[in-house]
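J.: Could you look at this predicted model? Sequence included:
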Amino acid sequence: MNTELQAFLLYRNKLASYAIFISFLYPILLIFIASILIMQMQTILFLRLLAIALLTIQVILILNKLNSEFKEYYDQKKINTKSAIEGTQRERLLNLITPIVKNKETRKPLDFIYAGKGRETGAYSSIRFSYIFLSRRILDLSDYTIQSVLAHEYVHLVANDYLKLIFISCVRILTLFCVASFTIVLLFRIPLLISIPICLINFALFRFFYKWAERILENTADIGTAILGFGPGLIHFFQLFEPIPSIKVWLTDSHESNKNRIKNIKNTINTLN
Ligand SMILES: [Zn+2]
């Protein structure tokens, strides 16, 4: 692997791990405060029961998530061969990714898959295979643009982002439930004049922690692409694919705006020159 990229990934991996750890501490702190508030309440039994029910549901959801993710990860079979990109398109993608991978292959055999509904790109690894997902819309783009998308996904693969995302998604379930429990307890326990502003601040924190760690991974993949020399193509791609703004995007999309992503890539290219 490109040594510059390797050094950069080493540093960013540490940063992402800290972000995941701190994102994990945040819901724990919330549930701790909520527990103290609940313990002080002798009269409101239903709040205690609600807290226990919420806690049970989230534990079940997290275990279920971990089980399905790791099952997929340890699956020895190739995933869904029906959706594999084959024939001349596959040849084309292999030719395009060769200069990116250079003399160092990804540790696992790499294949290309059509992206599922509502997705444009993605990278996934199981214990034996690595995959890059691409939508049909992206396959219609020029070689120059596709190559930069492949470089971005390649960085996700070599940085093992798939495994990090499993933990990020578990922390998200935990955060969602802890914020909900905390809000309910606060609204019941403290006068509304005080509890509503706290809840609003907490909601802003929730939105930040929900995206923080994954945003670091995306940012790393963008800068990594620029380090590999495919930054200009990625800028071109972001100019073509601007996501449609919506409340869902505002609330949950872990990507920065395309304008910021382009700015980051341009900064990296300038620093490298
Ligand atoms: Zn990405």
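T.: Alright, I've got the coordinates.
J.: Show me the contact partners of the helix or strand of the chain at the bottom of the mean pLDDT ranking.
T.: Least confident helix or strand, the chain: helix 247-252 with a mean of 72, by mean pLDDT, DSSP states H and E. Identification of contacts with helix 247-252 by C-beta atoms under 8 Å, 6 or more residues apart in numbering yields Arg207, Tyr210, Lys211, Pro243. Heads up, the C-betas are built off the backbone N, CA and C, glycines and all.
J.: go with 7 Å
T.: Residues from elsewhere that reach helix 247-252 (C-beta atoms under 7 Å, 6 or more residues apart in numbering): Arg207, Tyr210, Pro243.
J.: chain center to it: distance?
T.: Relative to the centre of its chain, helix 247-252 is centred 14 Å away, using C-alpha atoms, centre = their mean, to the nearest Å.
J.: Flag every buried residue along it.
T.: For helix 247-252, the neighbour count (16 or more other C-beta atoms under 10 Å) marks no residue as buried.
J.: can you start the count at 49 instead of 1 from here on
T.: Taking 49 as the first residue, the last one we looked at is helix 295-300.
J.: Dump that helix to CSV, keeping only the CA atoms.
T.: Output in CSV follows, covering the C-alpha atoms of helix 295-300 (Å, rounded to 0.1, in the frame of the first residue of the first chain):
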residue,chain,number,x,y,z
ILE,A,295,-35.1,16.0,7.2
LYS,A,296,-33.9,12.4,7.2
VAL,A,297,-30.6,13.5,5.5
TRP,A,298,-30.3,16.4,8.0
LEU,A,299,-30.9,14.1,11.0
THR,A,300,-29.0,11.0,10.0
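J.: Are we agreed that Ser167 is in a strand?
T.: One correction, residue 167 is Arg, not Ser. No - Arg167 sits outside any strand when classified using DSSP: H, G, I helix; E, B strand; the rest coil, being coil.
J.: what about it, neighbour count?
T.: Arg167 has 11 neighbouring residues, counting by other C-beta atoms under 10 Å.
J.: could you measure the closest residue to Ile133 other than its chain neighbours against the ion, distance?
T.: The shortest distance from Ile133 to any non-neighbouring residue, by C-beta to C-beta, 6 or more residues apart in numbering, is to Phe160 (4.1 Å). Computed as C-beta to the ion, to the nearest Å, the Phe160 to the ion distance reads 16 Å.
J.: same thing with Ile100?
T.: Distance of Ile100 to the ion, given as C-beta to the ion: 38 Å.
J.: where does this protein dip in pLDDT?
T.: 49, 89-92, 124-130, 151-155, 300 (pLDDT under 70).
J.: Up against the ion, what does it have?
T.: Selection of the chain residues close to the ion by C-beta under 5 Å from the ion yields Glu266, Ala269.
J.: For the most centrally placed residue in the chain, list the residues it contacts.
T.: The C-alpha lying nearest the average C-alpha coordinate of the chain belongs to Glu262 (C-alpha atoms, centre = their mean; 3.8 Å). Applying C-beta under 7 Å, 6+ apart to Glu262 gives the contacts Leu213, Ile216, Ser302.
J.: burial measure for the second one, as a count.
T.: By the measure other C-beta under 10 Å, the count of residues near Ile216 is 23.
J.: try the first one
T.: Burial of Leu213 is recorded as 21 neighbouring residues (other C-beta under 10 Å).
J.: gap between it and Ser173?
T.: In this view, Leu213 and Ser173 are 10 Å apart by C-beta to C-beta, to the nearest Å.
J.: on that earlier part again, can you tell me which of the contacts of helix 295-300 are classed as buried?
T.: With burial judged by 16+ other C-beta under 10 Å, the buried subset of the contacts of helix 295-300 is Tyr258.
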